[in-house]
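A.B. asks: have a look at this prediction, sequence included:
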Amino acid sequence: MDHGCYVGDFNMIYRAEDKSNDRLDHRCMRRFRAFIDAVELEDLNLVGRRFTWSSERDQPTLERLDRVFATAGWLQAHPNHILRALSTDCSDHCPLLLMANVVPWAKKRFRFEPHWIKFPGFMEVVELAWSATLLHADPFRILDYKLRNVARALKSWSDKKIGSVRMQLALVREAITTLKNDVYGRGDANTKFFHLMACHRKRRNFIRSLHIHGNEIVSEEGMVDALYHYYDQVLGTIFVPSRRFDLGIIGLPSVDLSSLEVHFTEAEIWAVISEMPNDKSPGPDGFTGLFYKTAWPIIKVDILNAFNAFWARDTRNFNLLNDGYMILLRKKD
C-alpha cells in the first residue's frame, strides 16, 4: 500500500461533521477511524460539497459516504491533487472527480532567508547585483529594478552554494527520529507520513473555488479576475464628502509644522530601519528588515534617492514599490 489510492462508497463515516444530524453510530465511527489510522491512510479534502449522499426525503439526511483515501507514497507523488464533487440527477450519490496533478497557477514568491547573512560571500553577491542600474530612470524604478536583481542573484547563489536548508533540516530530523525508533521502538515513527499529513492539512486552507452571484468559479485566472474587479470597485471608489469642517471655529492652537516639510535625513531613515523586526512577514518584494539592516551600506544611496523623490512629489513608478497582498481567510463550514 505504499502508493495506493482507494475510492468508493464506504457506507460509513468517522467524524460527526460528516452527517447532517446527530443520529450517530459512535461505535462504528470509532472502528472506522481506528482502521484508517492503522493502515495509515489520509482522507483527501473534498472541494465543492460537504456531503456526497442524500436520503432524498422531504427533510433529507445528508452524509459524506463517498471518499478517496491515499497513502503517504501517493500524496508524496501527487502533491498538487484536487478532489471535487460533481452534480448528478440520476443517483443519490454525487460523483467524485480526482485530478492528480494540478499545476499551481501562482508563481512562487521570493523570500529573504535570515541564515544567508551567515555564509561567506553574501555581501559580495548583494553588492554585485545592486551595482547594476538603469539609465535615465526615476528613483522608484531604479530601486525596484535593483531589489528584483538582488532577489534573483541571492536565489541563484543560495541554490548553488547552500542548497535547501529546510530540506537538510528535514533530513536531519528524519535521521534522528529513525535512530530513536531503533532504540525505543516504532511508536509514532512514520515521520514521512505525518509530515505529509501536515502538508495535506495546509492544502485544505487553499481556496479552490469562489461562488459569485450564483456562479462557481474554479479556474485560477477566473478567481483572480473576479477578486480584482470586486475589490477594485470597493477600494477604488472616490469618496465625495458631503460636509466640511471649519477648523478655525473650533479654536485649536496653531502649531509650527514646518519641520514636516524638510528633507528626509539618513539618520531618520536608519532609525526607522533599525526598529524594524528582523524576520517578520515581508512585503511583496520578499525582503525582511534584516536585509535592510545588513545591506544598508550598499543600498542606502538608492533608498535616500527614493525618499527624496517622494519628498519632491516625483512619484513616477511609485506603484512598483507601493504594493500589498490581500489574504482571503477561508470560512469554517
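C.D. replies: Cool, the structure landed. Numbering: from 1, shown residues only.
A.B. asks: which residues of the stretch 1-150 of the chain score low on pLDDT?
C.D. replies: For the stretch 1-150 of the chain, the stretches with pLDDT under 70 are 1-2, 103-107.
A.B. asks: and the helices in it?
C.D. replies: Here the stretch 1-150 of the chain has its helices, by DSSP state H, counting those that start in this stretch, at 26-39, 72-77, 122-131, 139-161.
A.B. asks: could you check the angle the longest one makes with helix 122-131?
C.D. replies: Following axes from the mean of the first three to the mean of the last three Cα atoms, to 10 degrees, one obtains 140 degrees for the angle between helix 139-161 and helix 122-131.
A.B. asks: other SSEs contacting helix 139-161?
C.D. replies: Under the contact definition 3 or more Cβ pairs under 8 Å, 6 or more residues apart in numbering; DSSP states H and E, helix 139-161 sits against helix 122-131, helix 296-311. C-beta coordinates here come from the backbone N, C-alpha and C atoms, glycine included.
A.B. asks: can you redo the ones you listed as CSV with distance to Tyr230?
C.D. replies: Formatted as CSV, the helices and strands packed on helix 139-161 follow (distance: least, Cβ to Cβ, whole Å):
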stretch, distance to Tyr230
helix 122-131, 38
helix 296-311, 30
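A.B. asks: can I get those helices in a markdown table with mean neighbour count and distance to Glu56?
C.D. replies: Below are those laid out as a markdown table (neighbours: other Cβ atoms under 10 Å; distance: least, Cβ to Cβ, whole Å):
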| stretch | mean neighbour count | distance to Glu56 |
| --- | --- | --- |
| helix 122-131 | 16 | 64 |
| helix 296-311 | 16 | 64 |
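A.B. asks: residues of stretch 313-330 that come out buried?
C.D. replies: Within stretch 313-330, the residues scored as buried using 16 or more other Cβ atoms under 10 Å are Asn317, Phe318, Leu320, Leu321.
A.B. asks: can you map out the strands along the stretch 151-300 of the chain?
C.D. replies: 210-212, 215-217 (DSSP state E, counting those that start in this stretch).
A.B. asks: can I get these in JSON lines with mean neighbour count?
C.D. replies: Listed next are those as JSON lines, based on neighbours: other Cβ atoms under 10 Å:
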{"stretch": "strand 210-212", "mean neighbour count": "12"}
{"stretch": "strand 215-217", "mean neighbour count": "12"}
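A.B. asks: just put those in a markdown table and tack on distance to Trp116.
C.D. replies: Shown next, in a markdown table, are the strands of the stretch 151-300 of the chain (distance: least, Cβ to Cβ, whole Å):
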| stretch | distance to Trp116 |
| --- | --- |
| strand 210-212 | 37 |
| strand 215-217 | 39 |
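A.B. asks: among the ones you listed, which is nearest Val262?
C.D. replies: strand 210-212 (48.1 Å; Cβ to Cβ).
A.B. asks: name the strands paired with the closest one and say parallel or antiparallel.
C.D. replies: In the sheet, strand 210-212 lines up against strand 215-217 (antiparallel) (DSSP bridges).
A.B. asks: thinking again about what came up before, most tightly packed of the helices of the stretch 1-150 of the chain?
C.D. replies: Neighbour counts (mean count of other Cβ atoms under 10 Å) averaged over each of these peak at helix 72-77, with a mean of 19.
A.B. asks: that helix packs against which elements?
C.D. replies: Right, helix 72-77 is packed against helix 191-203 by 3+ Cβ pairs under 8 Å, 6+ apart.
A.B. asks: before we move on, the earlier item: what two of the buried residues of stretch 313-330 are the furthest from one another?
C.D. replies: Farthest pair in those (Cβ to Cβ) is Asn317 and Leu321. Separation: 8.1 Å.
A.B. asks: please enumerate the shared neighbours of these two.
C.D. replies: Common contacts of Asn317 and Leu321 (Cβ atoms under 8 Å, 6 or more residues apart in numbering): Phe140, Asp144.
A.B. asks: distance of the closest residue in space to Ala77 that isn't next to it in sequence relative to Asp66?
C.D. replies: Excluding the flanking residues, the one nearest Ala77 by Cβ to Cβ, 6 or more residues apart in numbering is His3, at 6.3 Å. Distance, His3 to Asp66, by Cβ to Cβ, to the nearest Å: 22 Å.
A.B. asks: try Phe51
C.D. replies: Note on Phe51: its distance to Asp66, by Cβ to Cβ, is 9 Å.
A.B. asks: can you check Asp138 too?
C.D. replies: For Asp138, the distance to Asp66 equals 58 Å [Cβ to Cβ].
A.B. asks: ok, now Trp296?
C.D. replies: Distance, Trp296 to Asp66, by Cβ to Cβ: 58 Å.
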